[in-house]
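In: Could you look at this predicted model? Sequence included:
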Amino acid sequence: MNGAESLVHTLVKGGVDVCFTNPGTSEMHFVAALDRVPGMRSVLALFEGVATGACDGFYRIAGRPASTLLHLGPGLANGVANLHNAKKAGSGVVNIVGEHAIPHIALDAPLTADIEGIARPVSHWVHTSRSAADVGADGARAIAAAMVPPGQVATLILPGDTAWSEGGVVAEPIAPPARPRVVDGAVDAAAQALGGPDSLLLLGGAALGQDCLVLAGKIAAATGCGLLTEWSNARLDRGAGRVAVARIPYPVEQALELLAPYRRIVLVGARPPVAFFAYPDKPGVLTAEGARFVELAGAGADIAGALDALASAVGAHKAAPLGIAEARRPEIPDGPLTPETIAPVLGALIPEGAIVVDESVTTGRRFFGETAGAPPHSWLNNRGGSIGYGLPVAIGAAIASPASKVIALEGDGSAMYTVQSLWTMAREQLDVTVLVFANRSYRILHGELAGVGVENPGPRAIDMLTLNRPELGWVDMARGMGVEGCRVEDARDLARALEAGLATDGPYLIEAMM
Ligand SMILES: Cc1ncc(C[n+]2csc(CCOP(=O)(O)OP(=O)(O)O)c2C)c(N)n1
């Protein structure tokens, strides 16, 4: 057995049975091993950012890592932005990067690069294998590192000679550490902090699963505290019958206003809220001056156990949870496509069990209200702010949960970053309906221009935020990659197209003209 075969065996044995690849010469032995070792689903991506983002989406839904296979430093570099997003989302990724054979590195061939240096900022764990005999054990350690709660990026660099040499040894899986229990003192401090409308329970990460939300709703009912989530969540369970939790809005003024009343804030898997960006005359910290934070549980802690203990401490277990969303399907409106007409169409049609990947940027700022009463579904946001996350995450989510309808909500600017995702969706026949909000603009940046204090921007500045010269043809692009699609101009047509997209088992793209 060569090193590459030992690695594929070790991955499959360790529960890593999906690999999103974009290989080159240095990874050929791994590619060959995919045929010789049963059990690995390998999925080709035409850009490395698609592969890394797909791993992020897979972990968010499956709760276990997938692997990449990337080509040397440049291939890794192409995947870095979505590794950044995965890292911020707490998604476990086994990131496998090929490297020249060890004696070849000193020759400084064209593709030679500092792979560890590129990997380090977006990885929690980085290791280069030294011999074929080590590769299996290194793979097992990489899986264990990726599974450290809530999930980590583990980069394993595989020199060609460690892959092709004989002497590979399959390694047994290493049990990842359990989520550490929260100490009693933290539970007491949180219980003391919560009480009345000037206290807040701020939820993130694993606290956003439906069982934890029920506990949070009970705690809110018993203590009178507020309940919020961060603006961006890796996965939020929501919909009719579930505890509905509002997100802290993106615009600084709105966030400040919402958070102003809170003096004591208990963090459960969330961080103290800060603005996405600095602006000349706005604060970066979004909470009221003097607000006190109590961390009940960090993102990697036993969040379910902590909420259960807190519910006991405040006598909440018998309370009816606050904020259960009632079932409600909005009317489908008439008229042109605007954020206000698109939101009720989504609310009317999101199916039970759907996974909504939200990269709708400005169009989706108010989608939450109209979709709150749709049947139970999960809502995924970009935690790292690097756009181009949505289509790849939709791929990973669809592979992790083939029975779910995946809906990708995409700004046209964002969708262009990883547009190659459509080809993988077609090739794998993934059940993803993509809505592209074609406003022909980086609309958010118009607001940001004003936000940083640029008054009366000139035509050159506006030109840098405008995507209409030439116009993007989304239906043509989708067809060119094997995905059926249509263009819609008003809310009723959007509803018909969304129904059609959801009715097919494969991918479908809707270009929503705004
Ligand atoms: C990798 C990366 N490059 C650039 C940006 C800056 N940026 C943020 S939003 C945005 C435009 C988004 O446009 P679109 O998806 O069309 O949404 P809209 O603003 O029109 O609602 C850009 C370029 C970013 N966040 N990440």
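Out: Here it is on my side, so go on.

In: which secondary structure elements does the helix or strand containing L83 contact?
Out: Using DSSP states H and E, L83 sits in helix 72-89. Applying 3 or more C-beta pairs under 8 Å, 6 or more residues apart in numbering; DSSP states H and E, one finds that helix 72-89 makes contact with helix 48-62, strand 93-99, helix 115-119, strand 153-159. (Each C-beta comes from the backbone N, C-alpha and C, glycine too.)

In: is the ligand contacted by it?
Out: Yes. Helix 72-89 reaches the ligand (C-beta under 6 Å from any ligand atom) through A81.

In: Just list the residues touching the nearest residue to L494 once chain neighbours are set aside, thanks.
Out: The shortest distance from L494 to any non-neighbouring residue, by C-beta to C-beta, 6 or more residues apart in numbering, is to V488 (4.7 Å). V488 is in contact with 337, 494, 496-497, 510-513, counting by C-beta atoms under 8 Å, 6 or more residues apart in numbering.

In: Dihedrals phi and psi, V488?
Out: Torsion angles at V488 (phi, psi; degrees, to the nearest 10) stand at phi -130, psi 150.

In: Would you confirm that R235 contacts H377?
Out: No. Counting by C-beta atoms under 8 Å, R235 does not reach H377; the two are 10.7 Å apart.

In: Report the contact partners of A109.
Out: H100.

In: Over to N82?
Out: 49-50, 52-53, 56, 386, 388-389, 392, 418.

In: same thing with A86?
Out: Taking C-beta under 8 Å, 6+ apart, one finds 52-53, 55-56, 59, 93, 153, 384 in contact with A86.

In: tell me which parts of the stretch 351-500 of the chain are close to the ligand?
Out: 361-363, 385-387, 411-414, 439, 441-445.

In: Recalculate using a threshold of 5 Å.
Out: 361-362, 386-387, 411-414, 439, 441-444 (C-beta under 5 Å from any ligand atom).

In: and those as CSV, adding secondary structure, neighbour count and pLDDT?
Out: Rendered in CSV, the data for those read as follows (DSSP: H, G, I helix; E, B strand; the rest coil; neighbours: other C-beta atoms under 10 Å; pLDDT from 0 to 100):
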residue, secondary structure, neighbour count, pLDDT
V361, helix, 23, 97
T362, helix, 19, 96
S386, coil, 18, 98
I387, coil, 21, 98
G411, strand, 24, 98
D412, helix, 23, 98
G413, helix, 23, 98
S414, helix, 24, 98
N439, coil, 22, 97
S441, strand, 19, 96
Y442, coil, 20, 97
R443, helix, 20, 95
I444, helix, 19, 94
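
In: Which members of these are the farthest-apart pair?
Out: Of all pairs drawn from those, the one with the longest distance (C-beta to C-beta) is S386 and N439, at 20.3 Å.

In: Okay, the residue nearest to G217 when sequence neighbours are not counted and the ligand: tell me how far apart.
Out: Excluding the flanking residues, the one nearest G217 by C-beta to C-beta, 6+ apart is P321, at 2.8 Å. Separation of P321 from the ligand (C-beta to the nearest ligand atom, to the nearest Å): 34 Å.

In: correct me, but P321 touches A221?
Out: Yes. The criterion here is C-beta under 8 Å, and P321 meets it with A221 at 6.1 Å.

In: Now the common contact residues for these two.
Out: By C-beta under 8 Å, 6+ apart, no residue touches both P321 and A221.

In: Please indicate which of the contacts of N82 are buried?
Out: 49-50, 52-53, 56, 386, 388-389, 392, 418 (16 or more other C-beta atoms under 10 Å).

In: give the contact list for P507.
Out: 422, 425-426, 429-434, 483-484.

In: again with V126
Out: 116, 119-120, 154-155, 157.

In: cool, and E511?
Out: E511 neighbours (C-beta under 8 Å, 6+ apart): 436, 438, 474-475, 485-488.

In: can you do 6 Å?
Out: 436, 438, 474-475, 487 (C-beta atoms under 6 Å, 6 or more residues apart in numbering).

In: Just the ones of those residues in helices?
Out: 474-475 (DSSP state H).

In: Just among the contacts of E511, which is most surrounded?
Out: V436 (30 neighbours; other C-beta atoms under 10 Å).

In: Show me what that one is bridged to.
Out: E410, E511 (DSSP bridges).

In: which phi and psi does G204 have?
Out: Dihedral angles (degrees, to the nearest 10) for G204: phi -150, psi 170.

In: how many other residues sit next to it?
Out: 25.

In: Enumerate every residue touching it.
Out: Contacts for G204 (C-beta under 6 Å, 6+ apart) come out as 230, 269-270.

In: out of everything not next to it in sequence, what's closest to it?
Out: G204 sits nearest to A270 (C-beta to C-beta, 6+ apart), 3.2 Å away.

In: Right, and the ligand sits closest to which residue of the stretch 351-500 of the chain?
Out: G411 (2.1 Å; C-beta to the nearest ligand atom).

In: my read: that residue touches D358, true?
Out: No. Using C-beta atoms under 6 Å, G411 makes no contact with D358, being 10.1 Å away.

In: And the residue sitting furthest away from the middle of the chain, how far from M28?
Out: Within the chain, L107 marks the point farthest from the mean C-alpha position, 39.0 Å out by C-alpha atoms, centre = their mean. Separation of L107 from M28 (C-beta to C-beta, to the nearest Å) stands at 19 Å.

In: and what of G195?
Out: As defined by C-beta to C-beta, G195 lies at a distance of 63 Å from M28.
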